[in-house]
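In: Structure, please.
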Amino acid sequence: MVKKRYLFIILLLFLIGSSFLFGAIFAEYIAEPGINFVVAPGPYTSPTVLGTKIGTFRVTATEGDQIYSPVMLGDYPMPRGITVTGPMKSWSGGGYEPNSTQTFSLAMVSYHNGYGSAPTIQAYEGALRPVIGAGAYTIQANPYFIELYLVNIDDNDLNANKVVGYRPASFFQPGAVYTLPSSFSPWFGLALGKDATVGSWNVADAGGPIPNKGQQIPVNGSNDIPILTPGSFTDPGNTGSSGVIYGDSQDPGGGEPGTYFFAVNQYQAASNINLDYYLTRPYETLNVGSVDFSTTGDLRYNTYDIKIQPNPPVGNFLFSKSGATSFPYYVVTSKTYPSTHSQAVTIPLTNRGIDGQYQEWIEIGIRGLNYNNTVLTSGNYTSEIKVELIQQ
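Out: Purely as a prediction, here's the structure:
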């Protein structure tokens with residue numbers, strides 16, 4: 001069985017010999033490890049809507065910075081309509097016709113006031129697209145989540161019954177495999193406004209962020225990332241194809257479809273630390289983040305691990321500074337305490353509720369900074385910890 005992975009990166013910023021606080025914005029993207037068409041996915045409410053969640057952007061501002069006017073940047077001018085092919089009805093009383101086509105759209109769902117509040121939605125097209133709208137926006141949520149959905153609706157109303165063309169969800173065949181165009185493999189980046197006065201269409205153009213108005217925010221450490229991976233697709237009979245099942249890919253024979261939640265929370269303490277303090281206290285732990293994971297439905301039958309490793313994922317956990325010698329540290333977790341880890345560690349997820357569903361919360365900390373007594377110079381040292389969820 002192919003292992004399904006998705007990841008977050010915790011970026012640790014250490015400032016030696018100073019208590020100066022500075023702001024920074026980080027973004028992570030998590031691609032869904034198995035996309036399935038379902039009726040009324042995510043925040044959609046109409047039974048006519050068929051679609052799937054593609055992935056989630058998580059944008060975090062540390063103390064001293066603010067998120068403004070997000071704009072999604074594509075690697076090529078993408079059409080508004082995406083053709084999906086497979087068995088469909090042409091009228092409510094008809095049969096399923098093989099190799100029929102239906103236009104879907106890629107929707108950006110913005111939770112800029114936080115999860116639990118009413119989101120907004122925009123269909124993506126072209127080389128770039130404001131996530132919320134044309135105006136200037138100050139994002140209240142931190143972290144800020146943007147979800148991507150592929151749906152058979154081209155409307156900014158989450159409650160709308162207006163479907164592109166004439167095929168509602170009931171015209172698609174449950175259990176069937178639908179394919180996406182082989183050319184549908186976009187890479188996305190993220191740009192933000194410099195301040196609260198910059199309108200979204202002034203943040204960037206086809207060449208990228210506009211100087212003094214927009215800024216590129218690295219996503220998973222890169223300017224852009226693929227929103228789909230080979231593990232995103234769910235056609236069990238054609239590994240590597242762009243097949244998407246309508247229904248539960250975990251149990252095609254019929255079961256209880258499930259969802260899971262995975263988030264890595266970076267603590268503000270990770271963004272600025274007086275390293276002098278921890279160099280003299282090698283047995284004191286600084287907690288820098290945590291992992292939340294839970295499941296519903298038949299996903300409780302799967303086996304999951306998290307892998308915590310350096311980024312790049314080789315060798316020891318290190319802090320580094322340009323022109324200076326790197327120095328090591330240990331990672332500790334609430335799941336493996338009191339063990340310390342100088343290199344990557346894989347941790348099986350085992351905690352479950354009385355209903356058998358996974359309910360994990362694991363805290364990540366660092367300790368033993370510079371345990372090999374490297375000679376240090378003053379300045380900014382940085383380190384990255386990569387956290388992956390692995391479905392066996």
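In: In stretch 83-96, which residues are buried?
Out: 84-89 (16 or more other Cβ atoms under 10 Å). C-betas here are computed from N, CA, C, even on glycine.
In: what's the neighbour count on residue 126?
Out: Burial of residue 126 is recorded as 13 neighbouring residues (other Cβ atoms under 10 Å).
In: what sits opposite it in the beta ladder?
Out: Residue 126 has the following beta-bridge partners by DSSP bridges: residue 78.
In: And the buried residues of stretch 83-96, which is closest to residue 322?
Out: Nearest to residue 322 among these is residue 84, at 47.8 Å by Cβ to Cβ.
In: Go through the buried residues of stretch 83-96 and name the one nearest residue 216.
Out: residue 84 (31.6 Å).
In: where does that closest one land on pLDDT?
Out: Listed pLDDT for residue 84 reads 94.
In: neighbouring contacts of stretch 333-350?
Out: 293, 303-310, 313, 315-317, 328, 330-332, 358, 360-365, 367-368, 390 (Cβ atoms under 8 Å, 6 or more residues apart in numbering).
In: Report the buried members of these.
Out: By 16+ other Cβ under 10 Å, the contacts of stretch 333-350 give 293, 304-310, 316-317, 328, 330-332, 358, 360, 362-365, 367-368, 390 as buried.
In: Strands - which of these land there?
Out: 293, 304-310, 328, 330-332, 360, 362-365, 367, 390 (DSSP state E).
In: thinking again about what came up before, tell me which of the buried residues of stretch 83-96 fall in strands.
Out: Using DSSP E, the buried residues of stretch 83-96 in strands are 84-88.
In: And these, which two are furthest apart?
Out: 84 and 87 (11.1 Å).
In: got a pLDDT number for the residue located most distally from the centre of the chain?
Out: Distance from the centre of the chain peaks at residue 93, with 40.1 Å (Cα atoms, centre = their mean). Residue 93 is assigned 90 on the pLDDT scale.
In: now residue 338, what's its secondary structure?
Out: At residue 338 the chain is in coil, as set by DSSP: H, G, I helix; E, B strand; the rest coil.
In: what are the phi and psi values for it?
Out: phi -100, psi 10 (degrees, to the nearest 10).
In: residues in contact with the residue nearest to residue 329 when sequence neighbours are not counted?
Out: Excluding the flanking residues, the one nearest residue 329 by Cβ to Cβ, 6 or more residues apart in numbering is residue 369, at 4.6 Å. Neighbour list for residue 369: 275, 278-279, 282, 319, 327, 329 [criterion: Cβ under 8 Å, 6+ apart].
In: pLDDT at residue 369, what is it?
Out: 90.
In: Distance-wise, check it relative to residue 104.
Out: Distance, residue 369 to residue 104, using Cβ to Cβ, to the nearest Å: 50 Å.
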